[in-house]
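Novice: predicted coordinates and the sequence they were generated for:
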Amino acid sequence: MTITICRLLLAALFVAGCDNAPESDGLMQLKLPSALREISGLAVTTDGALLAVADEKAHVFRISFDPVTIERFTKFGDPAKKGDFEGIALLHDDLYLVTSNGVLWQKQLTAAPKDYTKIKTGLGKQCEIEGLTAWPERQWLLLLCKKSRHKNTRGQLTVYAWSAARQQLLDKPFIQLNYREAGLPKLSPSGITLSNDTQQFIIVAAKEQSYLTLNLDGSVSRWGQLPDAGNHRQAEGIAITPGNTVYIADEGKTSRGTITRYEHSF
């Protein structure tokens with residue numbers, strides 16, 4: 001297992017560079033085993049660890065940075081089911097995965113692998129889903145649309161909300177942002193998380209190697225390039241802790257997948 005440590009310099013936006021700094025000074029990048037080469041989503045547990053899922057199989061891994069450990073945590077099905085998994089979220093004691101066609105897979109954290117439920121949200125006809133995060137205060141799951149399949153949302157950043165309390169999708173998109181009207185380039189969003197500290201959503205876009213922060217009303221707070229783009233081959237997942245530490249998961253493509261830790265939110 002290889003660990004790369006770099007210094008994170010903060011200005012109005014991130015500027016990052018490597019200088020063999022101690023871990024406490026900056027970012028830390030963890031190279032992942034082959035089972036997570038196509039890592040596609042991250043979630044944070046109550047004790048600060050990460051839960052991760054990769055595309056193709058419903059294996060969930062638990063990852064810690066202090067000390068560094070990577071272990072198989074649970075799975076959906078025995079053997080683990082196959083699917084185009086694009087996100088993971090933890091809502092209280094329930095663990096959720098989402099596939100690109102908008103199907104949610106739900107099980108309790110301590111439940112046996114076979115004790116899971118599949119929930120059809122119906123979003124597959126609307127768009128290709130590429131990210132998932134939880135909003136505990138509202139008992140919601142937020143589903144990030146990468147590519148719209150409906151004329152009413154084309155050319156827009158769209159986020160849908162699914163109510164766990166009501167077990168149904170909200171009638172209208174929760175966020176519907178027109179890129180042109182917001183003065184932004186069109187993005188290919190690939191991951192979403194909610195910052196409880198700043199009360200903002202952070203979205204990463206793999207293709208553009210960029211990020212976007214939105215206020216809770218969907219208005220734009222900040223947009224920019226991911227720090228040290230060379231660290232991010234293909235950002236597919238993002239998670240943030242209550243202490244404002246940010247983790248970004250990158251698919252490895254032909255190399256190994258990585259998780260990069262930033263000690264301060266952007």
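Specialist: Thanks, I have it.
Novice: specify the beta-bridge partners of G191.
Specialist: V204 (DSSP bridges).
Novice: list the contacts of it.
Specialist: 41-42, 87, 130-131, 144, 203-204, 206, 235-238, 248-249 (CB atoms under 8 Å, 6 or more residues apart in numbering). Just so you know, the C-beta spots here come from the backbone N, C-alpha and C atoms, and that holds for glycine as well.
Novice: now swap in S265 and tell me
Specialist: Applying CB under 8 Å, 6+ apart, the residues near S265 are 195, 197-198, 202, 240, 244-246.
Novice: buried subset of those, written for PyMOL?
Specialist: For the buried members of the contacts of S265, the matching PyMOL selection, counting by 16 or more other CB atoms under 10 Å, is:
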select buried, resi 195+202+240+245+246
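Novice: least confident of the contacts of S265?
Specialist: Ranked by pLDDT, these bottom out at T198, which scores 77.
Novice: what kind of secondary structure is that residue in?
Specialist: Secondary structure state of T198, per DSSP: H, G, I helix; E, B strand; the rest coil, is coil.
Novice: ramachandran coordinates for it?
Specialist: phi -100, psi -10 (degrees, to the nearest 10).
Novice: so how far is S221 from it?
Specialist: As for T198, its distance to S221 is 8 Å (criterion: CB to CB, to the nearest Å).
Novice: please enumerate the shared neighbours of those two.
Specialist: T213.
Novice: save the contacts of S265 as TSV, and put in distance to R62 and secondary structure too.
Specialist: TSV is the format used below for the contacts of S265 (distance: CB to CB, whole Å; DSSP: H, G, I helix; E, B strand; the rest coil):
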residue	distance to R62	secondary structure
S195	22	strand
D197	23	coil
T198	26	coil
I202	22	strand
I240	18	strand
N244	21	coil
T245	17	coil
V246	19	strand
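Novice: ok, and the most crowded of the contacts of G191?
Specialist: G237 (33 neighbours; other CB atoms under 10 Å).
Novice: does that residue have beta-bridge partners, and which?
Specialist: A249.
Novice: close enough to count as contact, it and G41?
Specialist: Yes: between G237 and G41 a contact is recorded at 4.4 Å, counting by CB atoms under 8 Å.
Novice: show me what contacts D93?
Specialist: 108-110.
Novice: residues near D217, how many?
Specialist: 6.
Novice: quick check: it vs P189, distance?
Specialist: Counting by CB to CB, the gap from D217 to P189 is 18 Å.
Novice: on that earlier part again, looking at the contacts of S265, which is nearest Q29?
Specialist: V246 (12.6 Å; CB to CB).
Novice: quick one: low-confidence ranges for the stretch 1-150 of the chain?
Specialist: By pLDDT under 70, the weakly predicted segments of the stretch 1-150 of the chain are 1-26.
Novice: next, count neighbours for the residue nearest to T241 when sequence neighbours are not counted.
Specialist: Distances taken as CB to CB, 6 or more residues apart in numbering place V44 nearest to T241, at 5.3 Å, with adjacent residues excluded. Residues within reach of V44, counting by other CB under 10 Å, total 19.
Novice: partners of V44 in the sheet?
Specialist: Bridge pairing for V44 - DSSP bridges - gives L50.
Novice: residue contacts, D84?
Specialist: So, once contact is read as CB under 8 Å, 6+ apart, D84 ends up touching 55-56, 99-101.
Novice: in strands, which of these fall?
Specialist: If you go by DSSP state E, those have 56, 99 in strands.
Novice: which pair of the contacts of D84 spans the longest distance?
Specialist: E56 and N101 (14.4 Å).
Novice: what segments of the stretch 101-250 of the chain are strands?
Specialist: 103-108, 117-120, 127-135, 140-148, 156-163, 168-169, 175-178, 189-195, 200-205, 210-215, 220-225, 235-240, 246-250 (DSSP state E, counting those that start in this stretch).
Novice: quick check: closest non-adjacent residue to F174.
Specialist: A161 (4.0 Å).
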